[in-house]
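A.B. asks: Make a model of this:
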Amino acid sequence: MRIAILLFDRLTALDAVGPYEVLSRLPGAETVFVGERKGMVRNEVGSLGLAVDATFEELPSPDIVVVPGGPGQVAHMEDGPVHAWLREADRTSTATTSVCTGSLILAAAGLLKGRRATSHWLALDQFAEWGVTPTGERVVTDGKYITAAGVSSGIDMALTLAGRLGGDALGQAIQLGIEYDPVPPYDAGSPDKAPAEVVDALRARSRFILLGED
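C.D. replies: A predicted model of the protein is given here:
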């Protein structure tokens, strides 16, 4: 089973690495970081590099596709190599997935039209342009499409997929293996729970978050 995790410059690293830590533990999994060209890409702040090990041409038909988000997402909202590869890979994939604003790339590629999906809470309004029904859920499954909300929810998405592929016991074993048992010091991980002033502050600079402007 070949699992392709898309990489591009200015992605949010945890969007890719979180699912990797789960999905790479699936029996028989070959997890490959794929991109337009081999070599290093940098995360949104430039201090962390991840290596593209295979080009789109080398991995045209993965079994599972994972699309991360991050400020670099805005460079992949028009037709081009990323959309072409996603459409081709989606033709035969068992599951096409995304984390955070990666779902906007899938939507722009036309793969989520008429479906329910989620994204980073600040990006949900963007779905209307592509005929996608937004939800505020942390993980949304619609057919073979599994989308996750912001950043950390990619781990939940990957565990959902692991359970779907191998059963609950496998998903639970992977969860225990990586000791994913979060007990955050704050109960502020969604706009419904965070203090209003914190929500307002993030919303006020959402243009920077979504467009990646300096």
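
A.B. asks: Mind listing what's buried along whichever helix in the chain runs longest?
C.D. replies: Secondary structure of the chain per DSSP state H: the longest helix is helix 153-166. Using 16 or more other Cβ atoms under 10 Å as the test for burial, helix 153-166 gives 153-165. Placement of C-beta: from N, CA and C, glycine included.

A.B. asks: So which residues of this protein form strands?
C.D. replies: 2-6, 30-35, 39-42, 49-52, 54-55, 64-67, 95-99, 116-117, 133-134, 139-142, 145-148 (DSSP state E).

A.B. asks: okay, which residue is most central for the protein?
C.D. replies: Residue closest to the mean C-alpha point of the chain, counted by Cα atoms, centre = their mean, is residue 99 at 2.0 Å.

A.B. asks: which non-adjacent residue is nearest that one?
C.D. replies: residue 154 (3.5 Å; Cβ to Cβ, 6 or more residues apart in numbering).

A.B. asks: Could you pull up the residues touching that neighbour?
C.D. replies: By Cβ atoms under 8 Å, 6 or more residues apart in numbering, the contact list for residue 154 reads 14, 15, 16, 18, 19, 66, 68, 99, 100, 148.

A.B. asks: try it again with 10 Å
C.D. replies: Going by Cβ atoms under 10 Å, 6 or more residues apart in numbering, residue 154 touches 12, 14-22, 66, 68-69, 97-100, 102, 139, 148.

A.B. asks: What pLDDT is listed against it?
C.D. replies: Per-residue pLDDT puts residue 154 at 98.

A.B. asks: before we move on, what about residue 136?
C.D. replies: If you check residue 136, the pLDDT there is 87.

A.B. asks: quick one, what contacts it?
C.D. replies: Neighbouring residues of residue 136 by Cβ under 10 Å, 6+ apart: 118, 119, 121, 124, 149, 190, 191, 192.

A.B. asks: Count the neighbours of the first one for me.
C.D. replies: For residue 118, the neighbour count with other Cβ atoms under 10 Å is 29.
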